[in-house]
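> how would this look folded up:
(one chain, ligands or ions: 2)
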Amino acid sequence: MTEQDLREQLAAFGASLFQRGYSVGSAGNISVRLPDGYLMTPTNSSLGKLDPARISKLDTEWRHVGGDKPSKEVFLHRAVLTARPEAGAVVHLHSTYATAIGCLAEPGEDAPIPPLTPYFVMRVGRRLPVVPYYRPGDASMEPAVFAAAQNSRAMLLANHGPVVSGKTLTDAVYAAEELEESAKLALMLRGQPARELTPAQVDDLLSTFG
Ligand SMILES: O=C(O)[C@@H](O)C(=O)COP(=O)(O)O
Ligand SMILES: [Zn+2]
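Ligands and ions are numbered 1, 2, ... in the order given. So this is what the prediction gives:
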């Protein structure tokens with residue numbers, strides 16, 4: 001895909017996420033890896049109204065070189081895309097159910113979303129670490145996010161929201177949506193004897209689709 005294609009795809013996915021309530025106001029940010037740098041949603045922009053021409057561009061050293069001022073979460077996206085060289089995009093949302101789990105979960109441990117459905121395992125993976133709380137935009141979060149991203153495609157920022165990576169922007173968006181639906185299921189079924197996928201079933205999914 002060309003950079004222009006990716007700019008248009010980013011704006012279209014942003015609008016789609018916003019229209020379906022995965023993001024409200026100016027919450028959330030998205031980055032996409034390019035051959036010569038990165039695209040990033042501008043700070044204080046609504047994912048629902050992104051102008052492809054004004055999306056921020058950063059060079060390979062993460063310096064702002066074009067478009068509007070980038071998201072204040074550059075450090076967050078840099079940590080994930082550096083830790084996961086195979087990742088092509090990162091989506092950060094404040095989607096309600098995943099954020100709720102991020103308020104219940106113990107920072108430093110894995111989030112309490114059990115493997116209830118195959119698609120959660122296939123899209124998000126086996127582990128969902130919870131990164132301790134940092135003020136949004138705080139550069140000191142970078143080592144903790146980097147460490148979490150080394151072992152997992154997705155994570156929850158405690159008391160803040162989910163961060164999900166994918167090989168492509170499409171993969172990252174689909175995984176972020178699946179994570180939100182799985183968080184909703186986990187909360188709906190909390191305290192009930194829901195049947196989980198067995199470790200063997202999880203292994204089978206990851207070896208087939210992982
Ligand atoms: O929660 C925050 O403040 C940020 O993580 C966020 O979601 C929006 O910040 P910008 O991307 O700088 O608008
Ligand atoms: Zn945020």
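
> does ligand 1 sit close to stretch 35-51?
Yes: legend: contact between stretch 35-51 and ligand 1 by CB under 6 Å from any ligand atom is shown at 41, 43-44. Yep, even glycine has a C-beta here, placed from its N, CA and C like the rest.

> which one of those is nearest to Thr82?
Among these, Thr41 lies closest to Thr82 (CB to CB), at 18.7 Å.

> how much space is there between the closest one and Val74?
11 Å (CB to CB, to the nearest Å).

> which strand or helix spans the residue nearest in space to the middle of the chain?
Geometric centre of the chain, nearest residue: Val164, 2.2 Å, by CA atoms, centre = their mean. Per DSSP states H and E: Val164 is located in strand 161-166.

> what's the burial count for the residue lying closest to Pro115 once chain neighbours are set aside?
Nearest residue to Pro115, sequence neighbours excluded (CB to CB, 6 or more residues apart in numbering): Leu197, at 4.3 Å. Per other CB atoms under 10 Å, the neighbour tally for Leu197 reads 17.

> helix, strand or coil for Leu197?
Under DSSP: H, G, I helix; E, B strand; the rest coil, Leu197 falls in the coil class.

> and for Ala11?
Ala11 ends up helix, using three-state DSSP.

> Glu73 versus that one, what's the distance?
18 Å.

> the more surrounded of the two?
A side-by-side neighbour count of Ala11 and Glu73, using other CB under 10 Å, places Glu73 first with 24 against 21.

> which ones are touching the more buried one?
With contact taken as CB atoms under 8 Å, 6 or more residues apart in numbering, Glu73 is in contact with 29, 92, 136-137.

> what residues does the helix ranked longest in the chain touch?
Using DSSP state H, we find that the single longest helix of the chain is helix 169-188. The contact list for helix 169-188 (CB under 8 Å, 6+ apart) reads 6, 9-10, 13, 16-17, 22, 30, 32, 87-91, 93, 95-98, 100-101, 112-114, 116-117, 119-120, 123-124, 128, 153-154, 162, 164-166.

> just the buried members of those?
6, 9-10, 13, 17, 22, 30, 32, 87-91, 93, 95-98, 101, 113, 116-117, 119-120, 123-124, 128, 153-154, 162, 164-166 (16 or more other CB atoms under 10 Å).

> show me these that map onto helices.
Per DSSP H, the buried ones among the contacts of helix 169-188 map to helices at 6, 9-10, 13, 17, 96-98, 101, 119-120, 123.

> quick one: mean pLDDT for the longest helix of the chain?
Here helix 169-188 scores 97 as its mean pLDDT.

> next structured bit after that helix?
Criterion used, DSSP H and E; the element after helix 169-188 is helix 199-209.

> buried residues of that following helix, list them for me.
202, 205.

> equivalent analysis for stretch 22-35, please.
Per 16+ other CB under 10 Å, stretch 22-35 contains these buried residues: 22-23, 26-34.
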